[in-house]
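Asker: need the 3D shape of this:
(one chain, ligands or ions: 1)
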Amino acid sequence: MKSKTALVTGSTSGIGLGIARALAARGANVVLNGFGDPAQIDALRAGLEREFGVQVAYEGADLMQPEQIEAMSASVSARFGGIDILVNNAGIQHVSPIETFPVERWNAVIALNLSAAFHTIRCALPGMRARGWGRIINIASAHGLVASADKSAYVAAKHGIVGLTKTVAIETARTGITCNAICPGWVLTPLVQKQIDARAAQNGISAQQAKVDLVSEKQPSAEFVTTEQIGELAVFLCSPGADQVRGVAWAIDGGWTAQ
Ligand code: NAD
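Answerer: Have a look, this model is predicted:
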């Protein structure tokens, strides 16, 4: 992937960072995005450059703001000549029954987990078309394929991004651009740690027990998916072997959605 540039949204942590590392390890220049302590993010950025000998930039765009997505896309194009690999990964969760689901949280989840991908794709596609090659990978979820209670906004956004993936794949089917979704099951990241802590508090059990309960409830494997495994799947989707993989929603979920 030398000479390719990958923009991975929400890559200061968790799955996005795992994907950024895997792409950098294959020689891609990487643009990190996401929130966090500026000094820590810069240390992360410089560390990836040193470890993999690639260029690593950082864009702090808030992806809930379409104009910041446009500015970020222009900035990446100015520095690297375009976005070759776009990974839409940034996401948030809110857990609540629908009757009490805060409207503001619904809007935020849809804005980040779904609409942001529409904006990054519309900004990146013209350059990909001009160069005749591109990879768009949308990080959906097992919740893009099946539902769980109390996650209405998240499930709606993740089902939505699977639909968006299929549409973009069809619109680009006669080109060297592919668009696919990855649908992870439980991955132990800060996003999930919050749900484990809430479960422990609610059920009066230890964090360790809550972790075991959470993963076993959905995943027959009873094991978390790792960020490294998702990174390797993203690498495959960027490879020539995946040239005709178009519009799929690829589960990597310990058997969750096979049930
Ligand atoms: P995480 O909380 O570890 O990371 C989320 C990233 O998004 C961080 O870098 C954060 O700074 C960034 N972010 C948050 N709000 C942002 C905003 N407004 N603008 C820009 N960046 C923002 O989460 P994660 O678990 O790594 O999740 C990453 C993606 O994977 C999400 O789309 C999530 O829905 C999906 N996913 C996670 C799991 C899981 O079990 N962890 C399972 C399936 C799907």
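Asker: would you mark the buried spots in stretch 93-105?
Answerer: Residues of stretch 93-105 classed as buried: Gln93, His94, Val95, Phe101, Arg105 (neighbour count, 16 or more other CB atoms under 10 Å). All C-beta spots, glycine's among them, are computed from the backbone N, C-alpha and C.
Asker: between those residues, which is closest to the ligand?
Answerer: Within the buried residues of stretch 93-105, distances to the ligand taken as CB to the nearest ligand atom reach their minimum at Gln93, with 6.5 Å.
Asker: in a strand, that's where Pro183 is, yeah?
Answerer: Small correction: residue 183 is Cys, not Pro. Yes - judged by DSSP: H, G, I helix; E, B strand; the rest coil, Cys183 forms part of a strand.
Asker: would you map the helices across the stretch 1-150 of the chain?
Answerer: Using DSSP state H, counting those that start in this stretch, the helices of the stretch 1-150 of the chain run over residues 14-25, 38-52, 66-80, 103-110, 116-131.
Asker: tell me which of those helices sits most buried.
Answerer: Each of the helices of the stretch 1-150 of the chain was scored by mean neighbour count; the highest is helix 14-25, a mean of 24, by mean count of other CB atoms under 10 Å.
Asker: neighbours of Ser3, how many?
Answerer: Here the count is done by other CB atoms under 10 Å, and Ser3 has 10 residues near it.
Asker: now do the longest helix along the chain against helix 116-131, angle only.
Answerer: With secondary structure taken from DSSP state H, the chain has its longest helix at helix 152-171. In terms of direction (axes from the mean of the first three to the mean of the last three CA atoms, to 10 degrees), helix 152-171 departs from helix 116-131 by 20 degrees.
Asker: counting by contacts, list what helix 152-171 packs against.
Answerer: Counting contacts by 3 or more CB pairs under 8 Å, 6 or more residues apart in numbering; DSSP states H and E, helix 152-171 packs against helix 103-110, helix 116-131, strand 134-139, strand 177-184.
Asker: is any part of the second one close to the ligand?
Answerer: No - for helix 116-131 and the ligand, the contact criterion (CB under 6 Å from any ligand atom) is not met; the two come no nearer than 7.2 Å.
Asker: for that helix, list the C-alpha coordinates in PDB.
Answerer: Coordinates of each C-alpha in helix 116-131 appear next as PDB, following Å, rounded to 0.1, in the frame of the first residue of the first chain:
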ATOM      1  CA  ALA A 116     -20.700  11.600   8.800                       C
ATOM      2  CA  ALA A 117     -20.000   8.600   6.400                       C
ATOM      3  CA  PHE A 118     -22.300  10.200   3.800                       C
ATOM      4  CA  HIS A 119     -20.300  13.400   4.000                       C
ATOM      5  CA  THR A 120     -16.800  11.800   4.000                       C
ATOM      6  CA  ILE A 121     -17.800   9.600   1.000                       C
ATOM      7  CA  ARG A 122     -19.200  12.400  -1.000                       C
ATOM      8  CA  CYS A 123     -16.000  14.400  -0.400                       C
ATOM      9  CA  ALA A 124     -13.600  11.500  -1.100                       C
ATOM     10  CA  LEU A 125     -15.300   9.900  -4.200                       C
ATOM     11  CA  PRO A 126     -14.500  12.500  -6.900                       C
ATOM     12  CA  GLY A 127     -10.700  12.100  -6.200                       C
ATOM     13  CA  MET A 128     -11.000   8.300  -6.200                       C
ATOM     14  CA  ARG A 129     -12.900   8.400  -9.500                       C
ATOM     15  CA  ALA A 130     -10.200  10.700 -11.000                       C
ATOM     16  CA  ARG A 131      -7.500   8.200 -10.000                       C
END
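Asker: alright, that wraps it up for me.
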